[in-house]
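K.L.:
just coords:
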């Protein structure tokens, strides 16, 4: 969505056209209209069975031939980036891209399935165990996206689909790509007036037009909170001092998982998980807590930490316990500061 008014005039509804788009696509119905273009469900008449696909019509805001040339170059770059991303099984495959009369089109794989938003609307809120399993399956995908140097910027329940055919989670709608094509001729000052994301799911630095990889982690944390509570961010209270959601009384989760969610949704980037892999590894540590508990309880933290500076051998198990205890101590100290400040 955009913080400003829609920068483009309404585009003609291509579903009303009697012809074929690009000599092969029949527009079936309008799926959505946003600040950077229009999305359609279509059928490809050149493929057996007239296979369904998604057509994204991008409408660059250009004023002259030079700007259009720049937009075309940016479009081709972004299409190649999408094609590379689409090689992952949890991202829609890019089938085709083309230009018609100064407007750009992407044809992508249509994912049959139900979004997280549709799932909660139909079946209700999720259990903690279900949300953890979702994270285990989704976090490696997010790590892959970030390894490609891409920030999605619009992770939310309606942009994550459970594929009906094989049950995999699929991340759709890479809105940042559309924004870069749409404003490829804009100066930095005008770029600062346009925001890619969804208010409530986007952290402060993203709203300030400075998204980082951890911005996607924040959005994923808010998405998990939605799965557990059924409430979107605007229906939740927040701390007027920190801007953070006051979610703890909305859901019933274990202390350990609550700490993970808390760190995913920290307003300050310095307090948030830095990568999807960090979240995944912390989530997986919970399964080993019982094994590590003797180490956690039998070795005073100060003694173990001081011994780490000596030549004494410390087993990997104890080192892991030390790391967990140090993290728990830092988290407890931060929570104490927050409570005293409020």
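P.N.:
Yes, it's here. Please read these numbers as outputs of a predicted model, since none were measured by experiment.
K.L.:
quick one, phi psi at residue 228?
P.N.:
Backbone torsions for residue 228, taken as degrees, to the nearest 10, come to phi -80, psi -30.
K.L.:
And the one 4 residues further on, by the same measure?
P.N.:
Dihedral pair for residue 232: phi -80, psi 160, per degrees, to the nearest 10.
K.L.:
what residues go with each domain of the protein?
P.N.:
For the chain, automatic domain parsing gives the domain ranges 14-283, 299-341.
K.L.:
Compare the ones you listed and say which comes out lowest on pLDDT.
P.N.:
Of all the domains of the chain, the minimum mean pLDDT falls on domain 299-341 (a mean of 63).
K.L.:
Please enumerate the helices of the stretch 51-200 of the chain.
P.N.:
For the stretch 51-200 of the chain, the helices defined by DSSP state H, counting those that start in this stretch cover 65-85, 116-123, 128-147, 175-182, 188-191.
K.L.:
In JSON lines, list the ones you listed along with distance to residue 282 and mean neighbour count.
P.N.:
To be clear about C-beta, it is placed using only N, CA and C from the backbone, and glycine gets the same treatment. Listed next are the helices of the stretch 51-200 of the chain as JSON lines, based on distance: least, C-beta to C-beta, whole Å; neighbours: other C-beta atoms under 10 Å:
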{"stretch": "helix 65-85", "distance to residue 282": "26", "mean neighbour count": "16"}
{"stretch": "helix 116-123", "distance to residue 282": "22", "mean neighbour count": "15"}
{"stretch": "helix 128-147", "distance to residue 282": "10", "mean neighbour count": "17"}
{"stretch": "helix 175-182", "distance to residue 282": "27", "mean neighbour count": "23"}
{"stretch": "helix 188-191", "distance to residue 282": "35", "mean neighbour count": "10"}
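K.L.:
winner for burial among the domains of the chain?
P.N.:
Highest mean neighbour count among those (mean count of other C-beta atoms under 10 Å): domain 14-283, with a mean of 17.
K.L.:
What are the neighbouring residues in contact with residue 256?
P.N.:
Applying C-beta atoms under 8 Å, 6 or more residues apart in numbering, one finds that residue 256 lies in contact with 286, 289.
K.L.:
mind checking the SS state of residue 29?
P.N.:
Assigned with DSSP: H, G, I helix; E, B strand; the rest coil, residue 29 falls in the strand class.
K.L.:
The helix or strand in which residue 43 is found: partners in the sheet, and parallel or antiparallel?
P.N.:
For residue 43, the element it lies in under DSSP states H and E is strand 37-44. Strands flanking strand 37-44 in the sheet, each with its direction: strand 25-34 (antiparallel), strand 52-58 (antiparallel) (DSSP bridges).
K.L.:
hang on, the earlier thing: can I get the helices of the stretch 51-200 of the chain in a markdown table including distance to residue 243?
P.N.:
Conversion of the helices of the stretch 51-200 of the chain to a markdown table gives the following (distance: least, C-beta to C-beta, whole Å):
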| stretch | distance to residue 243 |
| --- | --- |
| helix 65-85 | 31 |
| helix 116-123 | 24 |
| helix 128-147 | 23 |
| helix 175-182 | 23 |
| helix 188-191 | 24 |
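K.L.:
Of those helices, which is nearest residue 27?
P.N.:
helix 175-182 (18.3 Å; C-beta to C-beta).
K.L.:
and the end-to-end length of stretch 89-100?
P.N.:
One end of stretch 89-100 sits 29 Å from the other (C-alpha to C-alpha, to the nearest Å).
K.L.:
Sorry, wrong one. I was asking about stretch 43-57.
P.N.:
In stretch 43-57, first residue to last residue: 15 Å (C-alpha to C-alpha).
K.L.:
Can you tell me what sits against the strand holding residue 43?
P.N.:
Contacts to strand 37-44, defined as C-beta under 8 Å, 6+ apart, come from residues 8, 11, 14-15, 21, 24-33, 50-59, 95, 107, 110, 178, 182.
K.L.:
The same query, at a cut-off of 7 Å, please.
P.N.:
Outside of strand 37-44, the residues that reach it under the criterion C-beta atoms under 7 Å, 6 or more residues apart in numbering are 11, 14-15, 24-32, 50-59, 110, 178.
K.L.:
Quick check: the residue sitting nearest the centre point of the chain vs residue 215, distance?
P.N.:
When the chain is reduced to its mean C-alpha position, the closest residue under C-alpha atoms, centre = their mean turns out to be residue 155, at 2.9 Å. Plainly put, residue 155 is 9 Å away from residue 215 if you go by C-beta to C-beta, to the nearest Å.
K.L.:
Equivalent analysis for residue 70, please.
P.N.:
27 Å.
K.L.:
now do residue 224
P.N.:
To residue 215, residue 224 is 15 Å away according to C-beta to C-beta.
K.L.:
With residue 114 instead?
P.N.:
Counting by C-beta to C-beta - residue 114 and residue 215 are separated by 26 Å.
K.L.:
next one: residue 266
P.N.:
Applying C-beta to C-beta, one obtains 12 Å for the distance of residue 266 from residue 215.
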